[in-house]
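Engineer: Prediction below, plus the sequence it came from.
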Amino acid sequence: MKEQSYRKLERVTNRSRFKGIYNQGVWRSSQHFTSVTCGNTQGVKRLGITVTKKTGKAVKRNRIKRLIREFFRLNKNLFPAEHDVVIMAKRNMPPRLTYQKACDELTELFTRKNNI
RNA sequence: GGAGAAGAUCAGAUGAUCGUCGGCAGAAUUUAUCUGCCGGAGGAAAGUCCGAGCUCCACAGGGCAGGAUGGUCGCUAACGGCGACUGGGGGGCUCACCGCUUUUCCGGUGACGGAAAAGGCAUGGUAAACCCCAUCCGGAGCAAGACCAAAUAGGAGAACGUUUAAGGGCUGCCCGCCUGAAGUUCUCGGGUAGUGUCGCUAGAGGCGGCAGGCAACUGCCGUCCCAGAUGAAUGAUCAUCGUUGCGUCGCGGGUAACCAAAACGCAAAACAGGACUCGGCUUAUGAUCUUCUCUUGUG
RNA sequence: GGGGUCGUAGUUAAGUUGGUUAUAACGCCGGCCUGUCACGCCGGAGGGCGUGGGUUCAAGUCCCAUCGGCCCGC
């Protein structure tokens, strides 16, 4: 499989799996994002993204999801192996989010988590 | 130059790298995976305010209730939409107001205007509220609906009923109809629920030409295929060009204030993302162009 | 995505042929009672129809647009 891909196999697509991650996972948060990490039995790193309607309208939500996906693709080494990670966007998201700022904040969030 | 109205067009472009959804072909060959090619959001995709197609409710029947519309003619699959023509747009009631009549005060040379009080419901006007009249409307909605896989199987309560049938469904009610020969219906609880399949995209379709019509629109011919996701696909980074604004410099123009080409640097680029599909309406919003109206300055 | 329902004082609500100054309870303020507080009694104030237009002499009510909250579905 290609290194920088993001296929359906690497996504969390089931509602019951989301609930399981919320119940058993470890919660971390930064200024604009919240992450939940939980081990899985599939042998791959998987990512789920949650952006609720309270964050904004459809254009804004799609953009946030694309930026988070891009961060996952290009920084897979920061994610723990055989774990499911859910990244949630908070309500105070700035209207014009650039990839550079999102990448910086998420990098800081995940490197801090690995140190603990 | 400024303000406003109406209409039309576009919604930055190209390339590279990484990545994504669908289709086709090949490798591999149960899936999974890899490679190549092609295609991949809007004028409003939005709000869900109207109208339809389509699907289910057995058929989609009659009356009442309820809802919607209200000048005429036409267009259309249909409409509350659109076009043209008209300049007012169905009929009625009155406790409110205006108007009407009388008196007083104020302003004015005056016509008259303003304010207050009373009279009267005999006369006029005004509502998208109420009554009547005409026309139209069965209900729900793709989470409609059909199939496969998986899973248990039968538990508790309530209502009604067992022979001139109850109950249920079709519409809120009635008639009528359908189902129903001993159970039926409702509620609660329990089990299962998938990277499932179809519906799912060729359509009242787009573009061009000709003809008819004042127009909305219609007919004929040619040509094109243009998203089908389901925790939900269009993105990120870089480069070049282009648009706009600002700053530096100032080829040039001008008596002057000033206007300014080329170059360089910086910044900006709106509203907004399909979710069964169309026709409208409404709302949000950037730029350019055309026509018209008002106003200011100069010649 | 589809359908429905609601928005009125600080809070919970009432408000229908459209027509006096938009109402009630709790809350708030002052007084009485008590050694003090609460309860109770008496009196009072304040401020509100989500927002913007329209119809009308007059709109919480009718019409249009818009914003926000809540509920339902195989």
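Structural biologist: Looks like it arrived, so ask away.
Engineer: Output the below-cut-off pLDDT ranges for chain A.
Structural biologist: A:1-2, A:113-116 (pLDDT under 70).
Engineer: what about the strands in it?
Structural biologist: For chain A, the strands defined by DSSP state E occupy A:26-29, A:33-39, A:46-50, A:83-89.
Engineer: Could you identify which of the ones you listed is most buried?
Structural biologist: For the strands of chain A, the largest average neighbour count (mean count of other C-beta atoms under 10 Å) is found in strand A:83-89, namely a mean of 22. C-beta: built from backbone N, CA, C; applies to glycine.
Engineer: So which elements touch that strand?
Structural biologist: Counting contacts by 3 or more C-beta pairs under 8 Å, 6 or more residues apart in numbering; DSSP states H and E, strand A:83-89 is packed against helix A:15-24, strand A:33-39, strand A:46-50, helix A:58-74.
Engineer: residues touching the residue most central in space within chain A, list them.
Structural biologist: Nearest to the mean C-alpha position of chain A, by C-alpha atoms, centre = their mean, lies residue A:87 at 3.1 Å. Contacts for residue A:87 (C-beta atoms under 8 Å, 6 or more residues apart in numbering) come out as A:33, A:34, A:35, A:47, A:48, A:49, A:50, A:68, A:106.
Engineer: For the first one, list each beta-bridge partner.
Structural biologist: The one in question is residue A:33. residue A:89 (DSSP bridges).
Engineer: ok, it touching residue A:106?
Structural biologist: Yes - Residue A:33 lies in contact with residue A:106 (C-beta atoms under 8 Å); the separation is 6.4 Å.
Engineer: and RNA strand B, which of the contacts of residue A:87 contact it?
Structural biologist: A:48, A:49, A:50 (C-beta under 7 Å from any atom of the strand).
Engineer: between the residues you listed, which is nearest RNA strand B?
Structural biologist: residue A:50 (3.4 Å; C-beta to the nearest atom of the strand).
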